[in-house]
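A.B. asks: Pasting the sequence and the predicted coordinates here, then a few questions.
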Amino acid sequence: MQVSRATPLPQRSGAALNYETDSKTDFGSIAVAICVAAYTAIMLAYLAQHDLGLTATQTRHLSMIAALFLALPIALDLLRTGPGKAR
């Protein structure tokens, strides 16, 4: 029985990762993340209005409350550590 071996991935030219160039988020990644979030919001709004029977006002209020509870820990962490001391 012949065993197939996976070819190794090509290595980067430098052995060490450069923090300044490798940790930056490019514009394409940000655009994809925004589009995925928008599509998810549209689908959740459709689900809330058509399947659960909520009105647009109820959906808007619930989404604002959910955004507050999701953003609050992030804001508190930022205020606790300060802008120049990211983990």
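C.D. replies: In hand now; what should we look at?
A.B. asks: can you pull out the helices in this protein?
C.D. replies: Secondary structure of the chain by DSSP state H: the helices cover 19-22, 27-46, 56-81.
A.B. asks: Adding mean neighbour count, write the ones you listed out as a markdown table.
C.D. replies: Every C-beta, even on glycine, is put in place using the N, C-alpha and C of the backbone. Shown next, in a markdown table, are the helices of the chain (neighbours: other CB atoms under 10 Å):
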| stretch | mean neighbour count |
| --- | --- |
| helix 19-22 | 8 |
| helix 27-46 | 10 |
| helix 56-81 | 11 |
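A.B. asks: Now do residue 6, the pLDDT please.
C.D. replies: The per-residue pLDDT reported for residue 6 equals 65.
A.B. asks: mind putting the helices of the chain in a markdown table, mean pLDDT included?
C.D. replies: Formatted as a markdown table, those follow (pLDDT from 0 to 100):
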| stretch | mean pLDDT |
| --- | --- |
| helix 19-22 | 58 |
| helix 27-46 | 90 |
| helix 56-81 | 89 |
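A.B. asks: isn't residue 59 right next to residue 45, touching?
C.D. replies: Yes: Residue 59 is within contact range of residue 45, at 5.7 Å (criterion: CB atoms under 8 Å).
A.B. asks: ok, residue 49 to residue 79 distance?
C.D. replies: From residue 49 over to residue 79 the distance is 35 Å, taken as CB to CB, to the nearest Å.
A.B. asks: Then residue 31?
C.D. replies: From residue 31 to residue 79 the distance is 29 Å (CB to CB).
A.B. asks: go on, residue 69?
C.D. replies: 16 Å.
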